[in-house]
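**Q** model this:
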Amino acid sequence: MFEKNIKLIDIQTIAVSLIVIIVSFLRIIPHIHNFSPVIALAIFGAFHYKYKSLSYGVPLLALWVSDILINNFIYNLSGNFELFYDGFYWQYLSYIIIIFISINFRNKKISGINIIYLTFLTSIIFFIITNFGFWLNSNLYSNNFNGLIQCYVAAIPFFKGTLYGAFFYTPIFFGLYYFLQKKLAILRIRHISY
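**A** Numbering: from 1, shown residues only. Predicted coordinates for the structure are as follows:
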């Protein structure tokens, strides 16, 4: 009876969710600008969740909870409690697109080349979307093509942090889970191929 009930529990979903939730809080640790695990978590979750709803829901929820902690307890400059920060939708939109691309990429075999390509592509997508949103919503740059280019040029140092973070964390998550699922058969995911 107990074994039958254990099989009803999706151990893989629980394991992936715990990784996503715990690691999302690495954003709280002081780091260089944009060096965070979020792009890596979006890619990792998209590949490892069996259901698309979880691929979107768990990473975005973990991101939102860590944003609440960061914006209200670490960098709270206004003294007001904020559920969402200004311009959050540009970052969340980029993560939704990253998850969408990763879900549609997961029918390919997980390999070093595929992960490198996906990590680089999604980092560029994040850079383009978030900086477009910053240009559109801020008054720092003129609202013309030259202003947009100036915004992107000024954001290049932040792009380095995005790339470093994505290329640091993505192989760690995939590699760690690869070794875990090799050692523990219960963590093997049948809808993807390592």
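**Q** packing partners of the strand or helix carrying Val153?
**A** When secondary structure is defined by DSSP states H and E, Val153 falls within helix 145-154. With contacts defined as 3 or more Cβ pairs under 8 Å, 6 or more residues apart in numbering; DSSP states H and E, the secondary structure elements packing on helix 145-154 are helix 112-137. In short, each C-beta sits where N, CA and C put it, glycine included.
**Q** this protein: helices as residue ranges?
**A** In chain order, the chain shows helices spanning 2-8, 11-24, 38-48, 52-69, 88-105, 112-137, 145-154, 156-183, with DSSP state H as the criterion.
**Q** deepest of these, which one?
**A** Mean neighbours per residue, mean count of other Cβ atoms under 10 Å, is largest over these for helix 38-48, with a mean of 27.
**Q** what number of residues lie near Asp10?
**A** 14 (other Cβ atoms under 10 Å).
**Q** could you measure from it over to Lys50?
**A** Distance check for Asp10 against Lys50: by Cβ to Cβ, to the nearest Å, it reads 7 Å.
**Q** one more: Arg106?
**A** Using Cβ to Cβ, one obtains 11 Å as the distance from Arg106 to Lys50.
**Q** skipping adjacent residues, who's closest to Tyr56 in space?
**A** Ile99 (5.5 Å; Cβ to Cβ, 6 or more residues apart in numbering).
**Q** likewise Ala155?
**A** Sequence neighbours aside, Asn131 is the residue nearest to Ala155 in space, at 4.6 Å (criterion: Cβ to Cβ, 6+ apart).
**Q** quick one, what contacts the one you found?
**A** With Cβ atoms under 8 Å, 6 or more residues apart in numbering as the criterion, the residues that contact Asn131 are 151-152, 155.
**Q** which among the residues you listed gets closest to Phe127?
**A** Ala155 (6.8 Å; Cβ to Cβ).
**Q** now the closest one: how far from Gly57?
**A** Computed with Cβ to Cβ, the distance linking Ala155 and Gly57 is 29 Å.
**Q** quick one: average confidence on stretch 78-88?
**A** Along stretch 78-88, the predicted local confidence has a mean pLDDT of 82.
**Q** need the residues that contact it.
**A** Outside stretch 78-88, the residues that reach it (Cβ under 8 Å, 6+ apart) are 67-68, 71-72, 76, 133-134, 137.
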